[in-house]
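Participant: let's see this in three dimensions:
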Amino acid sequence: MKRIVILASGNGSNFEAIVKTARKEKWPVEIVSLITDNPHAYAIKRAKRLRIPCKLLNYKEFDSKDSYNKELFKILKEFSPDLIVLAGYMRILPPYIVRAFRWRIVNIHPALLPAFRGLHAIERAYKAGCKVTGVTVHFVDEGVDTGPIIAQRCIEIREGESLEHLERRIHRVEHKLYPTVIKKLLFGDE
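Facilitator: Take a look at the predicted model:
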């Protein structure tokens, strides 16, 4: 039985897609916990509905970034995950967490890396007039969206398409790609 911990800061739609896919396909996994830094994250409601334990580490209740990260590290070590999945987690993990879980932390990014690293990638690609954007799943390293790429999917930006419509299409691709990549990382080509 493989152990997964998912970190999210917001809506949690990728979190839910992973949980539902794992259940539907009967993966031999335990989703140990959702960890969130945001007490207002909709992901918390999703976790309750999906009956996944949720650990709130309210970033604002810590006196420093360092104390927050030390508590997160302690919890991650206690959970002993086979894979840590960042699903809209809006904090940069410190190098010591990345090193401790090297090749066991993955992230999804709504652009074709290395283009549009960081925040607001969909909007930035859209406003730049790109004809194609996409989704990238990558290993987390010490940089921001700089880790080795595991998988990418291209998405054409349609002429006259609204930003909101593009965002919905990108999220649909994310919800299929991320669980597929996670399953392959955990279980190979079984």
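
Participant: now do the nearest residue to residue 185 once chain neighbours are set aside against residue 27, distance only.
Facilitator: The spatial neighbour of residue 185 that comes closest, neighbours along the chain excluded (CB to CB, 6 or more residues apart in numbering), is residue 83 at 6.4 Å. To be clear about C-beta, it is placed using only N, CA and C from the backbone, and glycine gets the same treatment. The gap separating residue 83 from residue 27 is 11 Å, by CB to CB, to the nearest Å.

Participant: who touches both of those two?
Facilitator: Common neighbours of residue 83 and residue 27, using CB atoms under 8 Å, 6 or more residues apart in numbering, are 2, 186.

Participant: in the protein, which helix is the longest?
Facilitator: Ranked by residue count, the top helix of the chain under DSSP state H comes out as helix 163-187.

Participant: what ranges do the helices span in the chain?
Facilitator: 13-24, 42-50, 65-79, 95-100, 121-127, 163-187.

Participant: residues in contact with residue 123?
Facilitator: Shown in contact with residue 123 (CB under 8 Å, 6+ apart): residue 163.

Participant: circling back: list the buried residues in the longest helix of the chain.
Facilitator: Using 16 or more other CB atoms under 10 Å as the test for burial, helix 163-187 gives 166, 169-171, 173-175, 177-179, 181-183, 185-186.

Participant: output the contacting helices and strands for it.
Facilitator: strand 2-8, helix 13-24, strand 83-86, strand 105-109, helix 121-127, strand 132-139, strand 149-156 (3 or more CB pairs under 8 Å, 6 or more residues apart in numbering; DSSP states H and E).

Participant: quick check: nearest residue in space to residue 170, chain neighbours excluded?
Facilitator: Looking at residue 170 with CB to CB, 6+ apart, the closest residue is residue 110, at 5.1 Å.

Participant: related to what we said a few turns ago, and the helices and strands packed on helix 163-187 as JSON lines, adding mean pLDDT?
Facilitator: Below are the helices and strands packed on helix 163-187 laid out as JSON lines (pLDDT from 0 to 100):
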{"stretch": "strand 2-8", "mean pLDDT": "98"}
{"stretch": "helix 13-24", "mean pLDDT": "98"}
{"stretch": "strand 83-86", "mean pLDDT": "98"}
{"stretch": "strand 105-109", "mean pLDDT": "98"}
{"stretch": "helix 121-127", "mean pLDDT": "97"}
{"stretch": "strand 132-139", "mean pLDDT": "98"}
{"stretch": "strand 149-156", "mean pLDDT": "98"}
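
Participant: out of those, the one nearest residue 64 is which?
Facilitator: Residue 64 lies closest, by CB to CB, to one member of the helices and strands packed on helix 163-187: strand 2-8, at 19.1 Å.
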